[in-house]
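[1] okay, predicted coordinates and the sequence, questions at the end:
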Amino acid sequence: MKLYIKNMVCNRCILVIENLFKEAGFHVIKTELGEVEIKEELNPEQINLIESNLKPIGFKLIEEKKAQIIEKIKTSIIKLIHHSEEGIKINLSSYLSNQVNYDYNYISNLFSETEGKSIEKYYITQKIEKAKELLVYDELSLSQIADKLNYSSVAHLSSQFKKITGLTPTHFRKIKEKKRNSLDNL
């Protein structure tokens, strides 16, 4: 039985969910962002138990089909941007259609109606979050970050970054540096 879970965004989430199901006595077949597959079929009492165990740690079972599709879109984008070593140089609509197994026009309309923003805006927001993370690490130049996130230029990255954060990437990096203390000054 496959269950869809809201708010899974990282590998730690996968471990937490897997452990929660195992501790509850279920046999986990596979766990990935947004879903867990278990051997057992669940009765309503077991579903309630799982829901009550998920809620305190910030997760939620998703039972409605459209909500499951939305969560699959989000986790597919998160995987692509935050967890893919290959980079994000792909066609987003084709990628999402393959991941979600629905026509892109359908999922695009569903996402916009449900979330109040387009898939593209969600995708850009996630790219900017990844850019912020990379800027804080201070290991890559702006040019390398733009390339890693598949921007055509540093100017394009900077423009989207400023539109979303209100800051240029350079200013963002400087602010983060000022707030950080070196370890020997702690």
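    Okay, I see it.
[2] residue contacts, the residue most central in space within the chain?
    Nearest to the mean C-alpha position of the chain, counting by C-alpha atoms, centre = their mean, stands Ile78 at 2.8 Å. Residues counted as contacts of Ile78 (C-beta atoms under 8 Å, 6 or more residues apart in numbering) are Val9, Leu33, Gln126. Bear in mind the C-beta positions are built from the backbone N, C-alpha and C, glycine included.
[3] what is the neighbour count of the second one?
    Burial measure for Leu33: 21 neighbouring residues, criterion other C-beta atoms under 10 Å.
[4] ok, now how distant is it from Ile73?
    12 Å (C-beta to C-beta, to the nearest Å).
[5] thought Leu157 was touching Tyr151?
    Yes: under the criterion of C-beta atoms under 8 Å, Leu157 makes contact with Tyr151 at 4.2 Å.
[6] what's the domain layout of this structure?
    1-63, 121-179 (automatic domain parsing).
[7] give me the residue ranges of the chain where confidence is low.
    Low-confidence segments of the chain (pLDDT under 70): 85-88, 177-186.
[8] rerun at 80
    Low-confidence segments of the chain (pLDDT under 80): 85-89, 176-186.
[9] please enumerate the strands of it.
    2-6, 28-32, 35-38, 60-62 (DSSP state E).
[10] who wins for proximity to Gly116 among the ones you listed?
    Closest to Gly116 of these is strand 2-6 (C-beta to C-beta; 16.8 Å).
[11] rewinding a little: mean neighbour count and distance to Ser141 added to the strands of the chain, as CSV?
    Output for those, formatted as CSV (neighbours: other C-beta atoms under 10 Å; distance: least, C-beta to C-beta, whole Å):
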stretch, mean neighbour count, distance to Ser141
strand 2-6, 18, 36
strand 28-32, 15, 33
strand 35-38, 19, 37
strand 60-62, 17, 40
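[12] could I get those as CSV with distance to Ser93?
    Putting these into CSV (distance: least, C-beta to C-beta, whole Å) gives the following:
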stretch, distance to Ser93
strand 2-6, 22
strand 28-32, 22
strand 35-38, 22
strand 60-62, 23
